[in-house]
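Asks: predicted model, plus sequence, below.
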Amino acid sequence: MRPAIRALALVSLTGFVLSPLLPLVTHFYPACAPLERAVLPWFELHCERDPARTLRLLGVPLAVCARCTGIYFGLGLGAWLRRPSLSPRALRVWVGVGAALMLLDVALEDRGVHGSWPALRLLTGVLLAYPVGAGLGVALTRAPRFTQSP
């Protein structure tokens, strides 16, 4: 992969990962409101966006719930750190365990065993997405270089 394409992929990934922060950016830079509105359908597609389950930063609610924020940030953190380098089997195990922990939290909260704990929701999101991000980061940095034929 050419350096320019890699750089574009990393910039795009960074923008995607930081997109839950758009309401905060718009709060301080109102000119960004059209961008936030353009991305809103994406957030509504995959997140409940319940205000009671949404983290606030500097008093501004983020674009998605705490668990989805954890998924976005876990994906980005893994992609940037690219550690550990996991075998496909280890990646499946980690994602499976992360998904199981997330489902356990959902079930316990649904049954009233515990309330909506933002820190736990954030953590389960990070645990699920981090290894996927690490694999993506490794793939972006180790992608084969293609040369043009004469």
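Replies: Thanks, I have the structure now.
Asks: I'd say residue 72 and residue 132 touch.
Replies: No. Between residue 72 and residue 132 there is no contact under Cβ atoms under 8 Å: 11.6 Å. Every C-beta, even on glycine, is put in place using the N, C-alpha and C of the backbone.
Asks: spit out the contact partners of the residue positioned nearest the centre of the chain.
Replies: Nearest to the geometric centre of the chain sits residue 72, at 1.1 Å (Cα atoms, centre = their mean). Contacts for residue 72 (Cβ atoms under 8 Å, 6 or more residues apart in numbering) come out as 16-20, 64, 125, 129.
Asks: give me the buried subset of those residues.
Replies: Buried by 16 or more other Cβ atoms under 10 Å: 17, 19-20, 64, 125, 129, out of the contacts of residue 72.
Asks: and stretch 28-35, how far from the chain's centre?
Replies: 22 Å (Cα atoms, centre = their mean, to the nearest Å).
Asks: and stretch 4-18, by the same measure?
Replies: With Cα atoms, centre = their mean, you get 13 Å for stretch 4-18.
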